[in-house]
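Q: Make a model of this:
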Amino acid sequence: MAEKKKAHNPFVWLALAVFVSMLFWQWYGRPEGPPSQNLGTSKFFETVTGPDQKNLELIIVRPVDGLTYAAVAQTKLKKGFFTTTLTPQGETILAAWAKQEGISYSVEPKKQPSRWETALRWLLLILLLVGVWIFFMRRMQGGAGGMGGLNSFAKSQPRTEIPTTRFSDVAGIDEAILEVGEVVDFLKTPARFIKVGAKIPKGVLLVGPPGTGKTLLARAVAGEAGVPFFSISGSEFVEMFVGVGAGRVRSLFEQAKKSTPCIVFIDEIDAMGHSRGAGIGQSYDEGGQTLNQLFTEMDGFDVNQGIIVLAATNRPDVLDVALMRPGRFDRHVEVGLPDVRGREQILRIHTRNKPLADNVSLSEIARGTASFSGAQLEQLANEAAMLAAREGKSLVDIDHFRRAQSRILMGEERHIIVSDADRKLTAYHEAGHAIVGAFVAATSGGDAVHQVTIIPRRSAMGVTGFLPKEDKYTYAKAYCMGKIKTLLGGRVAEELTAGIEMVTTGAGLDLKTMTNLVRRMVCDWGMSDKLPLRTYGEHSEQVFLGRDLGRERDYGEDMAKKIDDEIDRIIAECLDEVRLILTGSRDKLELLANALLERETLSGDEVRAIVGGEAESEAQAVLPILPTETKAGKKDWVLRWLKYGWRNLSDLIKWAKGKPWKHWHSFFSRQSVSSRSFSTYRFDFFGISKRVSESGSGSRSRRKRKAGLLATK
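A: Below is the predicted model:
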């Protein structure tokens, strides 16, 4: 108690000094004698020269600052003084008038403070400054926080505990648990490893996207081993004072050595372990000293001493190479997104204390939440429970989970007033996304439509949400092309319904996302048929955050033009196909848009019910599949033509209505990629697709002649 009271002494003395100063200034500045009445110059002259002039006793003038005078007049009838401020000319006039009228007039010299008053002022000022200095020094040194000592500011204050978390509380990252299991075995039975000469890694780096359970896994390791757990964030080593970061690293490991065996966990280590630059500037010196001190500490303790350093980051690309070498963080454990089984296990953990209705199937929810992290699944379960509590329900049903999923994917609803025209155009925009997305899902394995809404969410006037049918780790070219078409669906729907002059800014984000995707296809993934197979430009990105940081060009201007032309070509081809899809499905576009205007939000199943028909059949009716060269293949093709050919011809006639004849040339000579064989096709007049060879001038000549013949007809 005495130490705690002593720690607050600087603050008490500071408060006391301020209080005494206020009392002193108030006392010193208090006017002497009766209260005065301050008047303007004109009013002052009227008062002293008016009818009550005979009652005037005296006038006293005192210089203020060399340019003005303070005049004080006292009468017999009224108690107190009349004061004013005079200029030198006003003082001269007042003195002459008082002498003429025979009124007592005196000019007092400017009052100078006494020596003891001056000394007291300086003493109080010095005490105040010293008190402030002592207060802040004690605060920085930890005096106000209770640690004390001159070097306490550079001492690390990690959170120390023995966690109760176990591996049974961690789900969805089974492979990562197996990799860190050796650490637990070493902490429990180190003699078994020492006996055979095995050395446990000094440092284990957990890398992965945000929200995948890196911190939870580190706590589970300490909990399973039953050892102290020192946790600290990498940003706590970064301070504005030079040397503080290195001091805190030393302090952290000094505390850890007193509690061996133990685990030291540094979260977000990229804050202190980023790559060192050229060494220019004080900020580099401080960061370099902190990192070098960490190297020294990790190299200094024995491998079998019982101190294991765990660190977590989602930016492994920015870490210093010296931090990753063997002997330091030589084991890297990737903590990735959970698969469908992992998601189900995570949901079971987070719904253990939540009463679920009979219609809730966690396996179905897990299949419908592909690409969700563990943190998002926890948020999903919590949001669903909050919705149930808000509605006064005793059970959490499947509808609560669906609404919670929509909130996570698309954001919270915004209640704003939208005009009927904007609302209608938004409905057509989202319907275009949904129809093209359903078409792509049926033909090229694209993501399924999850929900469509025209209720404003976040910064969007409407949202069409998609969910992958299964976990994806690589993406086919057909999938990427389908993604481009889906993104173009909203803009094309606006063109078809409102005209090119009435398209809105609603497709801005779609176009930006589409352009970035096409550029990645051409420059990074080698998905261009026109350019040599290589990468173009050094691509910098945040590995686990998916953010593009820039591209360094390693090619000339001619190649840059070819890249731009190829990007434009891919977008133009996809745009033509999207226009064909929506033109042939105009009636379904109207149905879906009207349903959105009426109900505002539609689920994926409702969208598919409105679109109707077999999706594969719809796709084949627009883009017929090339028959094989066998007799059986030709027979299948004939049957397909009898079933779908007339529909294709009907759709072409509908599309051609109101179109100038010049559009026929571009339509019949266009090329498209089949979703099954990725071969190149074109349409003839009757909707029959034939293979177009990419090599040989004869094929190109025949294609040009036929295209010209059809154009003239």
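Q: contacts and neighbour counts: CA atoms only from here.
A: Will do.
Q: what helix or strand does Leu127 sit in?
A: In this assignment (DSSP states H and E), Leu127 forms part of helix 115-140.
Q: other SSEs contacting that helix?
A: Secondary-structure packing of helix 115-140 (3 or more C-alpha pairs under 8 Å, 6 or more residues apart in numbering; DSSP states H and E): helix 9-28.
Q: Ala171 and Ala220: what is the separation?
A: Relative to Ala220, Ala171 is positioned 11 Å away (C-alpha to C-alpha, to the nearest Å).
Q: actually Asp270, not the one I typed
A: As judged by C-alpha to C-alpha, Asp270 and Ala220 stand 22 Å apart.
Q: likewise Leu362?
A: 24 Å.
Q: same thing with His274?
A: 27 Å.
Q: What of Val204?
A: 14 Å.
Q: Check Trp97 too.
A: Trp97 sits 96 Å away from Ala220, going by C-alpha to C-alpha.
Q: quick one: which of those two has more around it?
A: Ala220 (24 against 14; other C-alpha atoms under 10 Å).
Q: my guess is that one is in a helix, correct?
A: Yes. Checked against DSSP: H, G, I helix; E, B strand; the rest coil, Ala220 lies within a helix.
Q: Give me the pLDDT for it.
A: Note on Ala220: pLDDT of 92.
Q: likewise Lys79?
A: Per the predicted model, pLDDT is 50 at Lys79.
Q: Okay, domains of the chain per the record?
A: Using the TED database, the domain parsing of the chain gives 34-136, 159-274+288-334, 340-410, 420-539+553-623.
Q: Between its first and last residues, how far does the third one reach?
A: Spelled out, that is domain 340-410. End-to-end distance of domain 340-410: 21 Å, with C-alpha to C-alpha as the criterion.
Q: any idea of the mean pLDDT in that domain?
A: Taken as a whole, domain 340-410 has an average pLDDT of 91.
Q: strands paired with the helix or strand where His450 lies, and their directions?
A: Per DSSP H and E: His450 is located in strand 448-453. Strand pairing for strand 448-453, determined by DSSP bridges: strand 463-467 (antiparallel), strand 601-603 (antiparallel).
Q: among those strands, which is the most enclosed?
A: When these are scored by mean count of other C-alpha atoms under 10 Å, the highest mean neighbour count falls to strand 463-467 (a mean of 22).
Q: Could you find the closest non-adjacent residue to Leu409?
A: Nearest non-adjacent residue to Leu409, counting by C-alpha to C-alpha, 6 or more residues apart in numbering: Gly465, 7.2 Å away.
Q: what's the distance between the one you found and Gly437?
A: 10 Å.
Q: list the residues that contact both of these two?
A: Val449 (C-alpha atoms under 8 Å, 6 or more residues apart in numbering).
Q: Show me what the one helix or strand Leu387 maps to is packed against.
A: Per DSSP H and E, Leu387 falls inside helix 374-390. Applying 3+ C-alpha pairs under 8 Å, 6+ apart, one finds that helix 374-390 contacts helix 340-350, helix 398-410.
Q: again, only using 6 Å
A: Helices and strands touching helix 374-390, by 3 or more C-alpha pairs under 6 Å, 6 or more residues apart in numbering; DSSP states H and E, are helix 398-410.
Q: Give the rounded mean pLDDT of the helix or strand following the helix it packs on.
A: Downstream of helix 398-410, the next assigned helix or strand under DSSP H and E is helix 420-444. For helix 420-444, mean pLDDT is 91.
Q: what's helix 420-444 in contact with?
A: By C-alpha atoms under 6 Å, 6 or more residues apart in numbering, the residues outside helix 420-444 that reach it are 446-448, 478-479, 482, 486, 489-490, 493-494, 592-593, 596, 615-616, 675.
Q: Filter those down to the buried ones, ChimeraX style.
A: Selection of buried members from the contacts of helix 420-444 for ChimeraX, criterion 16 or more other C-alpha atoms under 10 Å:
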select :446,447,448,478,479,482,486,489,490,493,494,592,593,596,615,675
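Q: out of the contacts of helix 420-444, which are inside strands?
A: Among those, DSSP state E puts Ala448 in strands.
Q: quick one: the strands in the stretch 101-250 of the chain?
A: Per DSSP state E, counting those that start in this stretch, the stretch 101-250 of the chain carries strands over the ranges 104-107, 159-161, 203-207, 229-233.
Q: Please produce TSV containing these, extended by distance to Val61 and mean pLDDT.
A: Output for the strands of the stretch 101-250 of the chain, formatted as TSV (distance: least, C-alpha to C-alpha, whole Å; pLDDT from 0 to 100):
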stretch	distance to Val61	mean pLDDT
strand 104-107	5	71
strand 159-161	70	81
strand 203-207	82	92
strand 229-233	69	89
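Q: quick one: which of those is nearest Ser406?
A: In terms of C-alpha to C-alpha, the element of these nearest to Ser406 is strand 203-207, at 28.4 Å.
Q: how about the helices of the stretch 151-300 of the chain, start to end?
A: According to DSSP state H, counting those that start in this stretch, the stretch 151-300 of the chain carries its helices in the segments 174-188, 190-195, 214-225, 244-257, 270-273, 282-300.
Q: Distance to Leu337 for those helices - can I get that in JSON lines?
A: JSON lines is the format used below for the helices of the stretch 151-300 of the chain (distance: least, C-alpha to C-alpha, whole Å):
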{"stretch": "helix 174-188", "distance to Leu337": "11"}
{"stretch": "helix 190-195", "distance to Leu337": "32"}
{"stretch": "helix 214-225", "distance to Leu337": "11"}
{"stretch": "helix 244-257", "distance to Leu337": "32"}
{"stretch": "helix 270-273", "distance to Leu337": "20"}
{"stretch": "helix 282-300", "distance to Leu337": "30"}
